[in-house]
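Visitor: Quick one: sequence plus predicted model below, questions after.
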Amino acid sequence: MTPASPGGTVEKNHPADVHVAASGRFLYASNRGDDTIAVFAIDAATGRLTPVEQVSTDGKSPRAFALDPTDAFLVVANQRSDSLVSFRVDASSGRLTPTGSRLELASPVCVRF
């Protein structure tokens, strides 16, 4: 079993959403508790997950998130801080980089493209 919050930064963590990149190489999970997106590499032969990184969502209680249709961006809905925050996705490593783009929106809980 692989923990959804590999950094283990809080005692109580509540994963909310999970998505696999279209390439099948990376899995992303939102964590309410430590307010992060965890990134995992997926081994094509075994399906085993290896932690890549854990990134702050720059908000509270990340409910849902979505990868855009090109897998170039990830947008997360921070329910308790009333914001949508976007990240650039590195196609080769799966790593996330904040774009600096933030949209204030009352209690977002879903993101769809």
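Guide: Ah, there it is. Just so it is clear, the model here is predicted, and its values are computed rather than measured.
Visitor: Can you point out the buried residues in the helix or strand that contains Pro51?
Guide: If you go by DSSP states H and E, Pro51 is part of strand 49-56. For strand 49-56, the neighbour count (16 or more other C-beta atoms under 10 Å) marks 49, 52, 54-55 as buried. Placement of C-beta: from N, CA and C, glycine included.
Visitor: Now render the residues you listed as TSV, adding pLDDT and distance to Asp43.
Guide: Listed next are the buried residues of strand 49-56 as TSV, based on pLDDT from 0 to 100; distance: C-beta to C-beta, whole Å:
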residue	pLDDT	distance to Asp43
Leu49	96	8
Val52	97	12
Gln54	94	19
Val55	96	21
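Visitor: Doesn't Ala45 belong to a strand?
Guide: No: per DSSP: H, G, I helix; E, B strand; the rest coil, Ala45 lies outside any strand segment and is coil.
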